[in-house]
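> quick check, what structure comes out for this input:
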Amino acid sequence: MTKSVKPPIWFWAISVLALLWNLFGLYNFYISTFDQVAILETLNQEQRELFESMPLWATVCFGIATISGVVASVGLLARKKWAKPLFIISLITMVAQFINWLFIQNAPEVFPNSYTMPITVFIVGVLLIFFSNKGVQKGWLG
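The predicted structure is shown next:
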């Protein structure tokens, strides 16, 4: 049996922030997939065509990335070590989606500042993997 170690207070703060961050991502997935009217109204014709031409596989990757990120964040709060592989799945599927958006669909040609959010999301994703790994190493996650 492994001994469970009580995590510090900042562990809980980061875990709650991770959940809020990933819930925001899940909300964006929901809106962009199932309630597009509000988004499409803000786009010009060229942006709208790009947005509507998102391939199914990229949408599936977006869904997997956000759902696995939310479940992984819940895993942090439940102090489960399975949070780490879910954060890894989230990062891999997120990268696949961003490769499509930035390089296959060439979103930067149509949307200004297209790199800002993907870079931010990638950095947070990597940090959450490191954080969950530290939780496993310190015995906070079991």
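> skipping adjacent residues, who's closest to Val5 in space?
Gly139 (3.8 Å; Cβ to Cβ, 6 or more residues apart in numbering). (Glycine included, C-beta is placed from N, CA and C.)
> give me the neighbour count for the one you found.
15 (other Cβ atoms under 10 Å).
> please apply the same query to Val136.
Neighbours of Val136 under the rule other Cβ under 10 Å: 15.
> contacting residues for it?
Lys81, Lys84 (Cβ atoms under 8 Å, 6 or more residues apart in numbering).
> i'd like the first residue to be 43 from this point on
Sure thing, new numbering starts at 43, so read that last one as Val178.
> so for the lengthiest helix in the chain, mean pLDDT?
Using DSSP state H to define each element, the chain has its longest helix at helix 51-76. If you average the pLDDT over helix 51-76, you get 97.
> neighbours of Trp124, how many?
14.
> where does it fall, phi/psi-wise?
Per-residue torsions, Trp124: phi -70, psi -10 (degrees, to the nearest 10).
> helix 51-76 and the helix or strand encompassing Ile106, what's the angle between them?
For Ile106, the element it lies in under DSSP states H and E is helix 98-119. Between helix 98-119 and helix 51-76, the angle comes out at 160 degrees (axes from the mean of the first three to the mean of the last three Cα atoms, to 10 degrees).
> show me what helix 98-119 is packed up against.
helix 51-76, helix 125-141, helix 158-180 (3 or more Cβ pairs under 8 Å, 6 or more residues apart in numbering; DSSP states H and E).
> closest to Val112 out of those helices?
helix 51-76 (4.5 Å; Cβ to Cβ).
> still on that earlier bit, how far away is the residue nearest to Val47 from Pro49?
9 Å (Cβ to Cβ, to the nearest Å).
> find the least confident helix or strand in this protein, judged by mean pLDDT.
Sorting the helices and strands of the chain by mean pLDDT, DSSP states H and E puts helix 79-83 at the bottom, at a mean of 88.
> perfect, I'm done here.
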